[in-house]
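[1] Predicted structure and sequence below. I'll ask about it afterward.
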Amino acid sequence: MFILRDLLPPLQTHFSKTALGKERSALFVYTLLSVIVPFTSSMTSNLWRCLESLFGIEMKQKRFYTFI
């Protein structure tokens, strides 16, 4: 997991510096972590549930799918 600390910041720089961009940047990181953590399969519906269960991120399902 330490390699993520080095890989994620350069990827996050591609998001804008606005409030929405910063939110999406954080959501991007949590989505990648949801794929990596062996909590569930990587189907998008399960990723959304993982974000809510493991990371406590509350968002509407439609907003998540728009992001994806």
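    Cool, the structure landed. Predicted model only: the values in this text are computed from it and were never measured. Numbering: from 1, shown residues only.
[2] Going by C-alpha atoms from here, please, whenever you check contacts or count neighbours.
    Fine.
[3] Using the three-state scheme, assign E58.
    Taken by DSSP: H, G, I helix; E, B strand; the rest coil, the conformation at E58 corresponds to coil.
[4] So which bits of the longest helix along the chain are buried?
    If you go by DSSP state H, the chain has its longest helix at helix 19-36. For helix 19-36, the neighbour count (16 or more other Cα atoms under 10 Å) marks 24-25, 27-28, 30-31, 33-35 as buried.
[5] ok, residues contacting that helix?
    Helix 19-36 is contacted from outside by 8, 12, 15-16, 41-42, 47, 50-51, 55, 67, using Cα atoms under 8 Å, 6 or more residues apart in numbering.
[6] Give me the lowest-pLDDT entry from the residues you listed.
    Among these, S42 carries the lowest pLDDT, at 57.
[7] which residues are in contact with whichever strand or helix holds D6?
    Assigned by DSSP states H and E, D6 belongs to helix 2-12. Applying Cα under 8 Å, 6+ apart, the set of residues contacting helix 2-12 from outside is 25, 28-29.
[8] Relative to R63, which of these is nearest.
    Comparing these against R63 with Cα to Cα places F28 closest, at 13.1 Å.
[9] returning to that earlier point: could you identify which of the contacts of helix 19-36 has the most neighbours?
    Counting neighbours by other Cα atoms under 10 Å, C50 leads the contacts of helix 19-36 with 23 neighbours.
[10] Excluding residues flanking it in the chain, which one is nearest it?
    For C50, ignoring the flanking residues on the chain, the nearest one in space by Cα to Cα, 6 or more residues apart in numbering is S34 at 6.2 Å.
[11] Would you mind stating the distance between the one you found and F28?
    10 Å (Cα to Cα, to the nearest Å).
[12] cool, I68 as well?
    9 Å.
[13] hang on, the earlier thing: would you convert the buried residues of helix 19-36 into JSON lines that also reports pLDDT?
    JSON lines is the format used below for the buried residues of helix 19-36 (pLDDT from 0 to 100):
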{"residue": "R24", "pLDDT": "85"}
{"residue": "S25", "pLDDT": "86"}
{"residue": "L27", "pLDDT": "85"}
{"residue": "F28", "pLDDT": "85"}
{"residue": "Y30", "pLDDT": "83"}
{"residue": "T31", "pLDDT": "83"}
{"residue": "L33", "pLDDT": "80"}
{"residue": "S34", "pLDDT": "79"}
{"residue": "V35", "pLDDT": "78"}
